[in-house]
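> Could you look at this predicted model? Sequence included:
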Amino acid sequence: DDTEENTCGFASFFILDQDGYGKKTKGSNVEVPWHLVSSEGDEIVMQAELPANPIFYLQVSNEEGNYFWSQWWLADSKRSKTNAICDSIPKDCRL
């Protein structure tokens, strides 16, 4: 809406291997809804809550060769070129 009070969409979070391919194991990806928390100036805060569910979860382990990556889009439950907001830069999971 015009006041940006009811903005929502979906996000997918993935664990990638060192070659940039998504892992095929359970806990390597999850799709969740997000909501706009605040937008002040040039900064926007979008919040997504991951479920505490043994079937749908994301396991982020501190191992070499694991990278965290995400995609964010508006409104529709399926991502497309017309509703995509951003893709994150893969970040090494190792601390």
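Yes, it's here. Every value quoted in this text rests on a predicted model; they were computed, and no experiment measured them.
> Determine the three-state secondary structure at residue 31.
Here residue 31 is strand, with the state taken from DSSP: H, G, I helix; E, B strand; the rest coil.
> surely it meets residue 10?
Yes - A contact is recorded between residue 31 and residue 10 when judged using Cβ atoms under 8 Å, the distance being 6.1 Å. (Each C-beta comes from the backbone N, C-alpha and C, glycine too.)
> out of the two, which sits in the busier spot?
residue 10 (19 against 15; other Cβ atoms under 10 Å).
> Show the pLDDT at residue 2.
According to the model's per-residue confidence, residue 2 sits at a pLDDT of 59.
> With residue 49 instead?
We have a pLDDT of 86 for residue 49.
> Who are the contact partners of it?
By Cβ atoms under 8 Å, 6 or more residues apart in numbering, the contact list for residue 49 reads residue 32.
> one more time with 10 Å, if that's ok
Remark: with contacts taken as Cβ atoms under 10 Å, 6 or more residues apart in numbering, residue 49 is in contact with 32-35.
> Considering these, which possesses the most neighbours?
Taking other Cβ under 10 Å as the neighbour criterion, residue 34 ranks highest of the contacts of residue 49 with 18 neighbours.
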